[in-house]
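Peer 1: Build me a structure from this.
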Amino acid sequence: MIKAKAKIKPLDIIIGIALVAAGAYVTHRVIADLNYRWDWAAIPQYLLRYDEEEGGWVPNMLLQGLFMTIRLSVWGTILATLIGIAMGLLRVSRRLFGRLVARTYVEVMRNTPPLVLIFLFYYFLSGQIMTVLGIDTILTGLSEDTKFVLSLLFGSPSRFSAFTSALITLAIFESAYITEIVRAGIQSIERGVWEAGYSLGLSRWQLMRRVILPLATQRIIPPLAGQFISTIKDSAIVSVISIQELTFQGMELTAATYLTFEVWITVTLLYLVLTLSLSVTLGRVEKYLRRSEA
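Peer 2: Residues are numbered from 1 along each chain as shown. Predicted structure coming up:
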């Protein structure tokens, strides 16, 4: 199917001009009413700084926060997807107990504020279980090379317990929504497909693995893309337990420099880079999976 090229219409031009005018007006009122002095020249040094010991440029606060947000988002998305698929399969299970477990999980997670979950896991998991297991002591005794690898994957080893609490909270919260996306995708497959599979002698698991899930994947990619983007945005809430992700670094930098608008506009742009990049990537994946429909 050939798609018509998008054309710019007069209404689009009018809306664009209105948005530019609104932005200019807000900027003018900030300068006039708040007597705010813009200082965009100070922002680049908080993205990159020159380290004499390293002999080169290294990430500063904002980029460090961006990298931590990426770590949380990537690991959170992977873990949430695995949990969501497992729970989604339980939601369509023939066993009543499995359906009840998955339904209870979804309802509890979706109706509990994520902030409450963060504090619950932080004080229970990080403050109790991690201490009993001696995770911090184990990490302290690792070699420098191992610590370097861990810092790349999970951030500073000294904050590993807090990172783990934030990661588990984010994954469990997001997986409740992914569960329903997976369930809806599986249940959207026509009854005739199931009957055809059973008539060929396939077991339910074989049919699910070879036929239903591949077909359902094409249908759940768009809502999953939205949920993955939500994971990036929801990761900001872990700043309340001092995880040094992008929002936390923005708050710290604002308090230290008073560059309120410059810092938060930069933080917003960095979030947009992440979310738009993911949106474009998943759009291409969806197009690739639907290539047979062309």
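Peer 1: If you average the pLDDT over the host helix or strand of Gly197, what comes out?
Peer 2: Here Gly197 sits within helix 191-199, counting by DSSP states H and E. Looking at helix 191-199 alone, the average pLDDT works out to 84.
Peer 1: The helix or strand that that helix is followed by: which residues count as buried?
Peer 2: Per DSSP H and E, the first helix or strand lying C-terminal to helix 191-199 is helix 204-207. Across helix 204-207, burial judged by 16 or more other Cβ atoms under 10 Å covers Leu207. Using the backbone N, CA and C atoms, a C-beta is placed for each residue, glycine as well.
Peer 1: what sits up against the next helix or strand after helix 204-207?
Peer 2: Using DSSP H and E, the helix or strand that directly follows helix 204-207 along the chain is helix 213-234. Contact with helix 213-234 is made by 69, 73, 76-77, 80-81, 114, 170, 173-174, 177-178, 181-182, 184-186, 188-189, 193, 271, 274-275, 278-279, 282-283, 285-286, 289-290, as judged by Cβ atoms under 8 Å, 6 or more residues apart in numbering.
Peer 1: Helices - which of the residues you listed land there?
Peer 2: Using DSSP state H, 69, 73, 76-77, 80-81, 114, 170, 173-174, 177-178, 181-182, 184-186, 193, 271, 274-275, 278-279, 282-283, 285-286, 289 are the members of the contacts of helix 213-234 that sit in helices.
Peer 1: which of those count as buried?
Peer 2: 69, 73, 76-77, 80-81, 114, 170, 173-174, 177-178, 181-182, 184-186, 271, 274-275, 278, 282, 286.
Peer 1: And the contacts of the helix holding Gly197?
Peer 2: So helix 191-199 is contacted by Gln206, Leu207, Val211, Ile212, Leu215 (Cβ under 8 Å, 6+ apart).
Peer 1: Quick check: of these, which lies closest to Ile129?
Peer 2: Closest approach between the contacts of helix 191-199 and Ile129, by Cβ to Cβ: Ile212, at 37.4 Å.
Peer 1: now the helices: where do they sit in the stretch 1-150 of the chain?
Peer 2: 10-34, 44-47, 61-91, 96-110, 114-121, 130-133, 135-140, 144-154 (DSSP state H, counting those that start in this stretch).
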